[in-house]
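**Student:** My questions are about this predicted structure, shown below with the sequence.
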Amino acid sequence: MEELAQRATDTFSAVPEKIKGKERKIATGLGWFSIGLGAAELLFPRQVARLVGSRNNHTTLMRFYGLRELAAGVGILSNQTNPAPWLWARVAGDALDLASLGATLARPDNNGAATVFGIVNVAAVTALDVICAQRLTEEQQQHPAEPPRARIRQSIAIDKSPEELYNFWHNFENLPRFMRNVVSVENRGDGRTHWVARNPLGGNFEWDAEVVNDVPNTSIEWRSTGGDIENSGSVRFVNAPQGRGTFVNVDLQFSPPYGALGKMAKMFPAQQIRQDLRRFKMLMETGEIATIEGQPSGTRTAKIKFLQERSI
């Protein structure tokens, strides 16, 4: 027992120096450790219970602990900009584990040596969790992380001159004509605009923007100045080789309004911008945007034709 206690003391004293400057790497390691331990507790609850000296069947409780570990691990790995809250969640879980192990040690019918070994190891991991969480919390307070930004780049070739495309786009009130989710753009002068766009979950997003760089017939760059969505970007009009129209290149950066969830779903804005550019191409080349709204689908038409032929 004394030897185990001395080993725990040595471990605690060595932890701070070992993790100095390596908090994020260690946080990632703790995240994977949580996932591994949680999976073991879920899949092999009886074996894990015996490993820490318990001779009783704690299957339900052990699986609950496994779910807790998995949640903490996924939380740490999916929040690399600020994993500290999930590390503190691990600390709370460690305290619960130590209390459970203490109760196990108090029962004479359990394997005391195995339980003490478990307590020493959990205590060492707890020390690592606490120090890492403290340092990452301090770092976050001193240098708050910027909100995650998604970046989308799309390009399309249009059989029109850069001048025509630039002039149409530069009249910002034209943009809702081909941008499906944009409700309105109000020109407030001096390169300032007010935007209203549909929120996929209902209602609208609104924000103000300003032009920060405007090169006639070549490019327009903008950034938001306040509102529901922080964004910036540019559109460039580049001559295609041999006078074959113009390449329109859009580069958009934005902070997803729903944080990580919005960043994971950035494929949807990317798809929307691609569709908007196709609508822009149709509008500029033909003067209108083709639509299939109100028309019967091919499958439905084929079924009707088949039934008509069968009835003849």
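**Tutor:** Looks like it came in fine.
**Student:** Please count neighbours and contacts with C-alpha atoms only from this point.
**Tutor:** OK.
**Student:** any weak-confidence spans in the stretch 151-300 of the chain?
**Tutor:** In the predicted model, the stretch 151-300 of the chain carries pLDDT under 70 at residues 256-268, 291-300.
**Student:** Helices along that one, start to end?
**Tutor:** With DSSP state H, counting those that start in this stretch as the definition, the stretch 151-300 of the chain shows helices at residue ranges 162-170, 260-264, 267-286, 298-311.
**Student:** For the third one, list every residue counted as buried.
**Tutor:** This means helix 267-286. 269-270, 273-282, 284 (16 or more other C-alpha atoms under 10 Å).
**Student:** Could you give the separation of it from the chain centroid?
**Tutor:** Offset of helix 267-286 from its chain centre (C-alpha atoms, centre = their mean, to the nearest Å): 25 Å.
**Student:** Residue 215: neighbour count?
**Tutor:** 10 (other C-alpha atoms under 10 Å).
**Student:** ok, so of the buried residues of helix 267-286, who is nearest residue 241?
**Tutor:** Checking these against residue 241 by C-alpha to C-alpha gives residue 281 as the nearest, at 17.8 Å.
**Student:** doesn't residue 175 make contact with residue 183?
**Tutor:** No. Counting by C-alpha atoms under 8 Å, residue 183 does not reach residue 175; the two are 9.2 Å apart.
**Student:** give me the element the residue nearest to residue 33 when sequence neighbours are not counted is part of.
**Tutor:** Once flanking residues are discounted, residue 33 sits nearest to residue 73: 7.3 Å by C-alpha to C-alpha, 6 or more residues apart in numbering. Here residue 73 sits within helix 59-78, counting by DSSP states H and E.
**Student:** can I get the CA coordinates of that helix in PDB?
**Tutor:** Provided in PDB are the C-alpha atoms of helix 59-78 (Å, rounded to 0.1, in the frame of the first residue of the first chain):
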ATOM      1  CA  THR A  59     -23.500  -4.000 -15.500                       C
ATOM      2  CA  THR A  60     -26.000  -1.200 -15.700                       C
ATOM      3  CA  LEU A  61     -23.900   1.200 -13.700                       C
ATOM      4  CA  MET A  62     -20.700   0.400 -15.700                       C
ATOM      5  CA  ARG A  63     -22.500   1.000 -19.000                       C
ATOM      6  CA  PHE A  64     -23.800   4.300 -17.700                       C
ATOM      7  CA  TYR A  65     -20.100   5.200 -17.000                       C
ATOM      8  CA  GLY A  66     -19.300   4.100 -20.500                       C
ATOM      9  CA  LEU A  67     -21.800   6.400 -22.100                       C
ATOM     10  CA  ARG A  68     -20.400   9.300 -20.000                       C
ATOM     11  CA  GLU A  69     -16.900   8.500 -21.100                       C
ATOM     12  CA  LEU A  70     -17.900   8.300 -24.800                       C
ATOM     13  CA  ALA A  71     -19.800  11.700 -24.500                       C
ATOM     14  CA  ALA A  72     -16.700  13.400 -23.000                       C
ATOM     15  CA  GLY A  73     -14.400  11.900 -25.600                       C
ATOM     16  CA  VAL A  74     -16.500  13.000 -28.600                       C
ATOM     17  CA  GLY A  75     -16.900  16.400 -27.000                       C
ATOM     18  CA  ILE A  76     -13.200  16.900 -26.600                       C
ATOM     19  CA  LEU A  77     -12.400  15.700 -30.200                       C
ATOM     20  CA  SER A  78     -15.100  17.700 -31.800                       C
END
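**Student:** list the buried ones in that helix?
**Tutor:** So helix 59-78, judged by 16+ other C-alpha under 10 Å, has buried residues 59, 62-63, 65-73, 75-77.
**Student:** which helices and strands sit right next to it?
**Tutor:** Contact partners of helix 59-78 among helices and strands, from 3 or more C-alpha pairs under 8 Å, 6 or more residues apart in numbering; DSSP states H and E: helix 23-43, helix 45-51, helix 84-106.
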